[in-house]
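# Sequence below, structure please.
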Amino acid sequence: MKNHSKNIKIIKHREGQSKSTDDFVAIEEPLEIRIENKSIAIVMRTPGHDQELTAGFLLSEGAIKSLKDIFEISECINQSTNNNETGNYVDVILTDSSNFNFEQLTRHVFTSSSCGVCGKATVESVMMEFEKINSPEKVNPSNIFKLPEKLLLSQETFKKTGGLHASALFDENGEIVVMREDIGRHNALDKVIGYALLNEMLPLKKHTLLLSGRISFELMQKSLAAGIPTVAGISAPSSLAIDFAKKSGQNLIGFLRDQTMNIYS
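So this is what the prediction gives:
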């Protein structure tokens with residue numbers, strides 16, 4: 001299992017006093033995603049669940065449509081070590097039936113830990129790629145208000161470092177199906193979506209997604225790719241995220257904390 005954090009020495013200042021002490025920080029490393037040994041993207045992420053991250057990334061980018069498009073995902077061996085550790089790149093082999101277009105997806109750009117779907121031209125262009133949500137269930141406040149505490153209790157690495165975003169998928173009974181943490185909020189969501197894809201759970205028509213921070217357009221786009229009808233966040237949504245939710249038919253909830261929430265769509 002890959003480490004999500006590491007221990008470092010720091011100087012802590014408090015109430016006019018300084019002392020040397022240990023602290024945990026979140027790990028950030030690059031992951032190169034390849035399809036049939038051709039590089040398509042480099043993402044900065046917290047190591048762990050890299051196959052899920054890759055599967056979720058490919059689905060939300062429109063490179064694949066379903067699990068049937070994937071033949072194999074391999075975490076490649078790090079040639080610089082002698083202990084057969086997996087390195088920072090993943091190679092995907094697609095099935096013959098997939099309609100993958102290298103030129104359409106290949107980015108050859110650096111994807112930072114804060115930017116996921118950078119470069120999508122318009123809301124409409126993304127909306128054309130994924131099916132809208134038809135008649136999402138009404139939001140039940142008594143169930144929704146319980147989710148933030150459940151998310152926080154599951155965030156083990158955040159408790160140690162204070163430095164990771166989280167995405168959690170809840171079933172219709174309000175129980176966590178899967179939770180993932182990452183230095184990048186879109187990576188955390190890709191890992192959740194990838195988990196659902198690899199476990200043949202898509203589309204997630206009866207599920208609710210909870211995000212630990214703000215809700216951006218790219219996170220709404222990714223959630224729609226997985227068929228998620230309700231997206232909630234501890235913080236605020238952006239104007240474009242709200243516009244997207246209204247057009248996609250998704251429930252969008254912001255500022256879900258302390259038994260309060262704002263419903264935007």
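
# Report the central residue of this protein.
residue 189 (1.5 Å; C-alpha atoms, centre = their mean).

# which stretches of this structure have low pLDDT?
1, 77-87, 103-128 (pLDDT under 70).

# now do 50
81, 107-113, 116-121 (pLDDT under 50).

# tell me the domain boundaries of it?
Domains of the chain are assigned by automatic domain parsing as 29-122, 141-263.

# highest average neighbour count across those?
When those are scored by mean count of other C-beta atoms under 10 Å, the highest mean neighbour count falls to domain 141-263 (a mean of 20). For the C-beta atoms, the positions are set from N, CA and C on the backbone; glycine is no exception.

# and the residue nearest to the centre of the chain, what is it in contact with?
Taking C-beta atoms under 8 Å, 6 or more residues apart in numbering as the criterion, residue 189 is in contact with 56, 60, 167, 180, 209, 211, 219, 222, 223.

# Just send the domains of the chain back as TSV, with distance to residue 132 too.
Shown next, in TSV, are the domains of the chain (distance: least, C-beta to C-beta, whole Å):
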stretch	distance to residue 132
domain 29-122	15
domain 141-263	5
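
# And the strands in the chain?
Under the criterion DSSP state E, the chain carries strands at the ranges 5-14, 17-26, 29-35, 38-45, 70-77, 86-94, 110-111, 165-170, 176-182, 208-211, 230-233, 251-257, 260-263.

# Specify the stretch among those strands that is closest to residue 240.
strand 251-257 (11.5 Å; C-beta to C-beta).

# wait, doesn't residue 207 sit right on residue 175?
No: using C-beta atoms under 8 Å, residue 207 makes no contact with residue 175, being 10.5 Å away.

# that older thread, quick one: which of the contacts of residue 189 is nearest residue 21?
residue 180 (29.3 Å).

# Double-check that closest one against residue 193; I have them as touching.
No: at 9.5 Å, residue 180 does not count as touching residue 193 under the criterion of C-beta under 8 Å.

# want to throw the contacts of residue 189 into a markdown table with distance to residue 136?
Formatted as a markdown table, these follow (distance: C-beta to C-beta, whole Å):
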| residue | distance to residue 136 |
| --- | --- |
| 56 | 21 |
| 60 | 19 |
| 167 | 19 |
| 180 | 23 |
| 209 | 12 |
| 211 | 17 |
| 219 | 17 |
| 222 | 17 |
| 223 | 12 |
